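1. Structure of the sequence below:
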Amino acid sequence: MPFAGGWLDQRDIGRIQGRQVLALAPQGGLLLYVSGPLDTSAAQDRLAGTEEILKDAGFRWKMLNGNRTEEGARSAVGGWLRVSSGEDQRPTVIVAQNDWMAKGALAAFLERDPKSGTIPTLGCDGLPDHGQNLVRTGRLVATVVTPPCAARALELVDGWLQGRSLPAEVLIASRSFPSEQQLRAA
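-> Here you go, the predicted structure:
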């Protein structure tokens, strides 16, 4: 059987972020969503997963393109803050499609108002020395840990070399850091 492909389950990453949002802000409110360019399937799928979970949760959405970078998110959020006012400036939660954009989005708020560090901010990718460290140090409230695909690919190749067939598709599961139960308890 030919191998069709394998990758992270991007839609599930979005679902995890949606559940993180619900754990932090079950009452709804303003959701600032910082995405990568929406012409990529990963950005589209992460957004679709988050929307799936939050569709009836009472959130008003403000979406910005952070261009997958810390500086892109800082610039996009800073520009939005310059033209918005009042309640429209204080999100209930910030969700970013990667940890760098989460860091940049929060930085834009802190530049404008040092008290903004209290806005719960979520990232994704969850590398131990970056995203998980941002959570441990209190800069982010949570991240989604996306495991490396190489280890699973090597397992598949090893199995194939030993005569096992390859699956048609492999989706690699991600997880919340901290766990969704820990977020709800906090």
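2. From the chain's centroid, how far away is stretch 42-49?
-> Put simply, stretch 42-49 sits 10 Å off its chain's centre (Cα atoms, centre = their mean, to the nearest Å).
3. Which parts of that stretch count as buried, going by neighbours?
-> Buried residues in stretch 42-49, counted by 16 or more other Cβ atoms under 10 Å: 42, 43, 44, 45, 46, 47, 49. Where you see a C-beta, it was placed from the backbone N, CA and C, and this is true even at glycine.
4. Point out where the protein drops to low pLDDT.
-> 1-6, 86-88 (pLDDT under 70).
5. who's in contact with residue 20?
-> 95, 122, 141, 142, 144, 176, 180, 183 (Cβ atoms under 8 Å, 6 or more residues apart in numbering).
6. name the element the last one belongs to?
-> If I follow you right, that is residue 183. Assigned by DSSP states H and E, residue 183 belongs to helix 180-185.
7. packing partners for that helix?
-> Packing partners of helix 180-185 (3 or more Cβ pairs under 8 Å, 6 or more residues apart in numbering; DSSP states H and E): helix 10-24.
8. can you rerun that using 10 Å?
-> Helices and strands touching helix 180-185, by 3 or more Cβ pairs under 10 Å, 6 or more residues apart in numbering; DSSP states H and E, are helix 10-24, strand 175-177.
9. and among the ones you listed, the most buried is which?
-> Of all those, helix 10-24 has the most neighbours on average by mean count of other Cβ atoms under 10 Å, namely a mean of 23.
10. Pairing partners for the next helix or strand after it, with directions?
-> Remark: after helix 10-24, the chain's next helix or strand is strand 29-35, criterion DSSP H and E. Sheet pairing of strand 29-35 (DSSP bridges) gives strand 59-65 (parallel), strand 93-96 (parallel).
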